[in-house]
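In: Dropping a prediction and its sequence here:
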Amino acid sequence: MPSALAPLPDDIPLTRITCTINGEQVVADAPVDCTLLTFLRDIVGLTGTKGACLEGECGSCTVLIDGKPVTSCLMLAGQVNGRTITTVEGLADGDALDVIQEKFVETGAAQCGYCTPGLIMSARALLNDNPSISESELLTALEGNICRCTGYASIVEAVRRAHRELKS
Amino acid sequence: MFHQPVDIETALRLRGERPDATVVNGCTDVSVARNHGMLHPREVIDLSRIASLKTIEHDGDNLLIGAGATFAQLGKCHLKALREAALSVAGPAIRNQGTIGGNLVTASPAGDGCVALLAMGGDVELASAARGSRWVDVRAFFLGYRKTELAGDELVTRVRVPYNPVTRWYKIGKRGAVNISLVCAAVARRTDGSFGLAYGCVGPIPLFAPKAERVLARGPLTDALIAEAADVVESEVAPIDDHRGSADYRRAMCRTLTTRLLADIAKNGDQGDADAFSAGAAA
Ligand code: FES
Ligand code: FES
């Protein structure tokens, strides 16, 4: 398997990317074939977003573009030109955690934590969209995210609690 | 260079002028190739900004689907097979990215969207700046393993399928989501009474089963006729053994899926949301 941070061939031309990440405007150059994941982690320096499979199987690289979840390993950085991106770093307000993060802590939904940013972003997209969701919609929203450690029960419970709190 | 045309004319001109550029839309398949080191695009034509490629519209007897329509969009389609095929693709994030045009051009034998289209029947619009557009029967689009009718200077722009066939879909895989088909099947009864049968992962390209379709054309859709057609399907598919499953298993599942999906149409007709399977019954 290739490494998430495999060196890019160094003769790939650069493209200029202007976008909004977590509320701040970012202007940076990236190689034409750079993925959004590598752009966020290595060029912008936001390492909260994780990469594991690099082929769309695990969801650990999930970020939001214009509020919708996408797998950042499966798109090119140039594609986000002009777009608004939210990563896990964009959720907390200083020390005040987002309600989903809070509930993940409360239910112990992270062990190694590698899947956590992706799961939280998938859950965030769901709860942004739907103040009122069914259990099956909740499970569908998380179906693209794999966790090696927790067995999922604590994760699903965290999202349920966040949903309940947002609704009330 | 990273081109982001916002209209189709510009995209076609670029495609004609830049034969070595990599065309992307959702970019999910191209990214996997890139991450595996098989491809390092130096020039990209990104179609994802072309709004007119994303529309899905009712046009008389047809549904016109922009090549850039995502699986998330198709997951709301009224056609049951297309909707369920779309929702069986990956997870919600990738369904926001992957497009039906990309599914066609990638031409994987496991292309769930391709299988649904083959069963319903329809046409694919291929366009170039030099020669304008042409409609190709979706059944003539796949030429061989990952080879299609698309010429080097063309883009897939639209797909046209009949608006109201009765359709069914089922996918067998190892888990409920982020799941590459082990076998998938789509069946359709068109308004003229003819049937379409299509299968994924049982040959080098997404396959359809013309001989079995001819059996069904004799009608009416009795258990005996369905059984005869399912027999013929077994001889029409060409699966291989691989790490996901054996050829024998796949062939047997083509028979089972054909039987159950057709029986469901015979019983429930256009009650599209009736489920052909109780949970887990097909596994
Ligand atoms: S790293 Fe992107 S889906 Fe696994
Ligand atoms: S906490 Fe380790 S992968 Fe989920």
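Out: Alright, I've got the coordinates. Residues are numbered from 1 along each chain as shown, chains lettered A, B, ... in the order given. Ligands and ions are numbered 1, 2, ... in the order given.

In: Please make it C-alpha for all contacts and neighbour counts, starting now.
Out: OK.

In: before we move on, which element is the residue lying closest to residue B:221 once chain neighbours are set aside in?
Out: Here the nearest residue to residue B:221 in space, its sequence neighbours aside, is residue B:266; by C-alpha to C-alpha, 6 or more residues apart in numbering or on different chains that works out to 6.1 Å. Per DSSP states H and E: residue B:266 is located in helix B:247-268.

In: Tell me the pLDDT of residue A:168.
Out: Model confidence at residue A:168, given as pLDDT, is 83.

In: how about the strands in the stretch 1-150 of chain B?
Out: Using DSSP state E, counting those that start in this stretch, the strands of the stretch 1-150 of chain B run over residues B:2-3, B:22-24, B:44-46, B:56-59, B:62-66, B:123-128, B:132-137, B:142-144, B:147-148.

In: Which residue would you name as the spatial centre of chain B?
Out: Centroid-nearest residue in chain B: residue B:114, 1.4 Å away (criterion: C-alpha atoms, centre = their mean).

In: Does that residue touch residue B:206 like I think?
Out: Yes. Counting by C-alpha atoms under 8 Å, residue B:114 does reach residue B:206; the two are 6.6 Å apart.

In: list residues touching both of the two?
Out: Common neighbours of residue B:114 and residue B:206, using C-alpha atoms under 8 Å, 6 or more residues apart in numbering or on different chains, are residue B:107.

In: what does the domain assignment say about chain A?
Out: A:14-90, A:99-167 (automatic domain parsing).

In: Could I get these in a markdown table, plus columns for mean neighbour count and distance to residue B:201?
Out: What follows is those, written out as a markdown table (neighbours: other C-alpha atoms under 10 Å in any protein chain shown; distance: least, C-alpha to C-alpha, whole Å):
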| stretch | mean neighbour count | distance to residue B:201 |
| --- | --- | --- |
| domain A:14-90 | 21 | 19 |
| domain A:99-167 | 19 | 22 |
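
In: May I have the helix holding residue B:266 as CSV, with CA atoms only?
Out: What follows is helix B:247-268 as a C-alpha-only set of coordinates in CSV (Å, rounded to 0.1, in the frame of the first residue of the first chain):
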residue,chain,number,x,y,z
ALA,B,247,-17.6,-18.5,-10.3
ASP,B,248,-20.0,-21.3,-9.3
TYR,B,249,-21.4,-19.2,-6.5
ARG,B,250,-21.8,-16.2,-8.7
ARG,B,251,-23.6,-18.2,-11.4
ALA,B,252,-25.9,-19.7,-8.9
MET,B,253,-26.7,-16.3,-7.5
CYS,B,254,-27.5,-14.9,-10.9
ARG,B,255,-30.1,-17.6,-11.2
THR,B,256,-31.5,-16.9,-7.7
LEU,B,257,-31.6,-13.1,-8.1
THR,B,258,-33.2,-13.4,-11.6
THR,B,259,-35.9,-15.7,-10.1
ARG,B,260,-36.6,-13.6,-7.1
LEU,B,261,-36.6,-10.2,-8.8
LEU,B,262,-38.9,-11.4,-11.6
ALA,B,263,-41.2,-13.1,-9.2
ASP,B,264,-41.5,-9.9,-7.3
ILE,B,265,-42.4,-8.0,-10.4
ALA,B,266,-45.0,-10.7,-11.3
LYS,B,267,-46.5,-10.4,-7.8
ASN,B,268,-46.2,-6.8,-7.0
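
In: tell me which residues of that helix are tucked away?
Out: For helix B:247-268, a neighbour-count test (16 or more other C-alpha atoms under 10 Å in any protein chain shown) marks B:247, B:250-266 as buried.

In: Starting from whichever strand or helix holds residue A:37, tell me the next helix or strand along the chain.
Out: Taking DSSP H and E as the definition, residue A:37 sits inside helix A:36-38. Sequence-wise, the next helix or strand downstream of helix A:36-38 (DSSP H and E) is strand A:62-65.

In: What mean pLDDT does that next one get?
Out: 98.

In: Run through who's touching stretch A:72-79.
Out: A:15-17, A:30, A:32-39, A:51, A:54-56, A:61-63, B:2, B:4, B:26-32, B:46, B:48.

In: right, is it up against ligand 1?
Out: Yes. Interface with ligand 1: stretch A:72-79 contributes A:72, A:73 (C-alpha under 6 Å from any ligand atom).

In: end to end, how far does that stretch reach?
Out: Using C-alpha to C-alpha, to the nearest Å, the end-to-end distance of stretch A:72-79 comes to 11 Å.

In: now do stretch B:161-177
Out: Using C-alpha to C-alpha, first and last residues of stretch B:161-177 are 26 Å apart.

In: need the strands for chain A, in chain order.
Out: In chain A, the segments counted as strands under DSSP state E are A:14-21, A:24-31, A:62-65, A:68-71, A:84-86.

In: Are the last one and chain B in contact anywhere?
Out: No. Judged by C-alpha under 8 Å from any C-alpha of the partner chain, strand A:84-86 makes no contact with chain B; its nearest approach is 13.7 Å.

In: near chain A, which residues of chain B?
Out: Looking at chain A, the residues of chain B close enough under C-alpha under 8 Å from any C-alpha are B:1-2, B:4, B:26-32, B:34-37, B:40-44, B:46, B:48, B:90-94, B:96-97, B:177-178.

In: Low-confidence bits of chain A, can you list those?
Out: A:1-9 (pLDDT under 70).

In: Where helices are concerned, which of the residues of chain B next to chain A count?
Out: B:28, B:29, B:30, B:31, B:32, B:34, B:35, B:92, B:93, B:94 (DSSP state H).

In: Could you export those residues as CSV, including neighbour count?
Out: What follows is those, written out as CSV (neighbours: other C-alpha atoms under 10 Å in any protein chain shown):
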residue, neighbour count
B:28, 25
B:29, 19
B:30, 24
B:31, 27
B:32, 19
B:34, 22
B:35, 26
B:92, 27
B:93, 27
B:94, 28
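
In: what two of these have the greatest distance between them?
Out: B:34 and B:92 (21.9 Å; C-alpha to C-alpha).

In: need the residues of chain A near chain B, please.
Out: A:1-2, A:4, A:9, A:12-15, A:32-33, A:35, A:54-57, A:59, A:62, A:68-71, A:73-76, A:78-79, A:122, A:140-145.

In: let's go with 6 Å and repeat that
Out: For chain A, the contact set with chain B under C-alpha under 6 Å from any C-alpha of the partner chain comprises A:2, A:12, A:32, A:33, A:55, A:69, A:70, A:71, A:74, A:75, A:143, A:144.

In: who's in contact with the second one?
Out: It refers to residue A:12. Residues near residue A:12 by C-alpha atoms under 6 Å, 6 or more residues apart in numbering or on different chains: A:31, B:42.

In: So what sits opposite residue 24 in the bridge?
Out: Picked chain A for this. Bridge pairing for residue A:24 (DSSP bridges) gives the partners residue A:21.

In: Please refer instead to chain B.
Out: Applying DSSP bridges, one finds that residue B:24 bridges with residue B:46.
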